[in-house]
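Asker: Quick one, fold the following:
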Amino acid sequence: MSDRIEIAAEWERVEPRYLWVQLISTIIGGVVLMAIVGVILFFATSQNWLAIGLSVGGIFVLTLINAIFSFFRTRTLGYVQRQDDFMMRQGMMFRRFVAVPYGRLQIVDIEQGPIERMFGLKKLKFVTAAATSGVVLPGLSAARAESLRDELVASAETRRAGL
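Answerer: Residues are numbered from 1 along each chain as shown. This next block holds a predicted model:
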């Protein structure tokens with residue numbers, strides 16, 4: 001039994017610039033966490049520098065590993081528009097394939113955070129009737145995100161009209 005899902009269409013990838021968004025977000029999160037842990041341990045351990053250094057050093061190593069894995073996480077993001085649904089894939093170890101039928105789409109939302117704005121990227125967020133369908137496609141150029149949103153909304157409208 002094969003563990004691959006074979007799709008006849010060509011998978012489209014997110015923008016390569018999204019890697020920088022991932023790296024910067026990882027570094028900012030790591031620095032903030034190191035600062036918080038460092039300050040808390042500074043006051044909680046009566047300035048035990050060994051405990052502070054080991055804790056902050058451990059967080060630094062985890063941040064570095066997370067930054068390295070950002071390269072791989074970015075490469076696994078992909079999507080394809082099929083005749084009846086929109087399919088997205090992500091994940092290295094824990095793979096996720098999500099197919100969103102056009103007729104079930106309720107909202108296709110475009111979001112953009114400050115780091116994404118620096119790189120001219122946006123993400124699409126899909127809302128369906130299912131409560132657990134938190135599908136987010138990050139790393140799209142502004143033009144591609146808007147055109148994809150319009151295509152998906154048009155496809156959703158034609159599918160819902162037939163219900």
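Asker: who's in contact with residue 129?
Answerer: Going by Cβ atoms under 8 Å, 6 or more residues apart in numbering, residue 129 touches 104, 106. In this view, the C-beta of every residue, glycine as well, is placed from N, C-alpha and C.
Asker: What does it show for phi and psi?
Answerer: Main-chain dihedrals, residue 129, degrees, to the nearest 10: phi -70, psi -30.
Asker: Please report how far it lies from residue 155.
Answerer: 16 Å (Cβ to Cβ, to the nearest Å).
Asker: who's in contact with residue 52?
Answerer: Shown in contact with residue 52 (Cβ under 8 Å, 6+ apart): 38, 41, 42, 45.
Asker: Most neighbours among those residues, please name it.
Answerer: Greatest neighbour count in the contacts of residue 52, by other Cβ atoms under 10 Å, goes to residue 41: 19 neighbours.
Asker: And the chain, what are its domain boundaries?
Answerer: With domains defined by automatic domain parsing, the chain comprises 18-74, 78-161.
Asker: between those, which gets the lowest average pLDDT?
Answerer: Looking at those, the lowest mean pLDDT belongs to domain 78-161 (a mean of 86).
Asker: Now find how far off-centre that domain is within its chain.
Answerer: 11 Å (Cα atoms, centre = their mean, to the nearest Å).
Asker: do the same with stretch 74-91
Answerer: Distance, centroid of stretch 74-91 to centroid of chain: 12 Å (Cα atoms, centre = their mean).
Asker: secondary structure element for the residue of the chain most remote from its centre?
Answerer: For the chain, the largest distance from the centre (Cα atoms, centre = their mean) belongs to residue 46, which lies 39.9 Å off. Using DSSP states H and E, residue 46 is not contained in any helix or strand.
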